[in-house]
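1. 3D model of this:
(one chain, ligands or ions: 1)
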Amino acid sequence: MRVSSRRVFVLQVVAGSAAAYAGAALAQAAPMVDEKDPQAMALGYVKDTTKVDAKKYPKHAATQKCSNCALYTGKPGQASGPCGVFPGKQVAADGWCSTYVKKA
Ligand code: SF4
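-> Predicted structure coming up:
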């Protein structure tokens, strides 16, 4: 059976739209990491890098934040985004944790 190229095109558009919608819905649905979450607490995560405990993390600098961390995959300018350390959740662009690695 031969499928017309128009039909293939329509199917591709529908599939692409569905994937884009699912991706957008997933991004919106991803909850923020809670500072009180056990993993977040273990890593010293805070949603505001200026609130880091300087005594506990003396190597922290105020210029370090999730948005310039190598593990952050959020888009520039957005308030939050995904982080490889917290799968399925979002971290604040201005946040920080002790796993911080400066983006190259
Ligand atoms: S690993 Fe990086 S992006 Fe993830 S929470 Fe820590 S500082 Fe933020």
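
2. Would you map out the domains in this structure?
-> Annotated domains of the chain cover 1-30, 31-104 [automatic domain parsing].

3. Please indicate which of those has the most neighbours on average?
-> domain 31-104 (a mean of 16; mean count of other Cβ atoms under 10 Å). The way it works is simple: take the backbone N, C-alpha and C, and place the C-beta from them, glycine included.

4. returning to what we had before: redo the domains of the chain as CSV? Include mean pLDDT and distance to the ligand.
-> Below are these laid out as CSV (pLDDT from 0 to 100; distance: least, Cβ to the nearest ligand atom, whole Å):
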stretch, mean pLDDT, distance to the ligand
domain 1-30, 51, 14
domain 31-104, 97, 3
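
5. Spell out the residue ranges of the helices in this protein.
-> For the chain, the helices defined by DSSP state H cover 5-29, 38-43.

6. Just list what the last one packs against, helices and strands only.
-> By that I understand helix 38-43. For helix 38-43, there is no helix or strand it packs on, judged by 3 or more Cβ pairs under 8 Å, 6 or more residues apart in numbering; DSSP states H and E.

7. quick one, what contacts the residue positioned nearest the centre of the chain?
-> The centroid of the chain falls nearest to residue 82 when counting by Cα atoms, centre = their mean (1.0 Å). Residue 82 makes contacts with 30, 72-74, 89-91, as judged by Cβ atoms under 8 Å, 6 or more residues apart in numbering.

8. which of those sit farthest apart?
-> By the measure Cβ to Cβ, 30 and 72 form the most distant pair in those, at 13.5 Å.

9. Look up which residues are beta-bridged to residue 83.
-> Following DSSP bridges, residue 83 is listed with bridge partners residue 72.

10. wait, it sits on residue 70?
-> No - the criterion here is Cβ atoms under 8 Å, and residue 83 misses it with residue 70 at 10.1 Å.

11. Look up the residues that both of those two are in contact with.
-> With Cβ under 8 Å, 6+ apart, residue 83 and residue 70 have no common neighbours.
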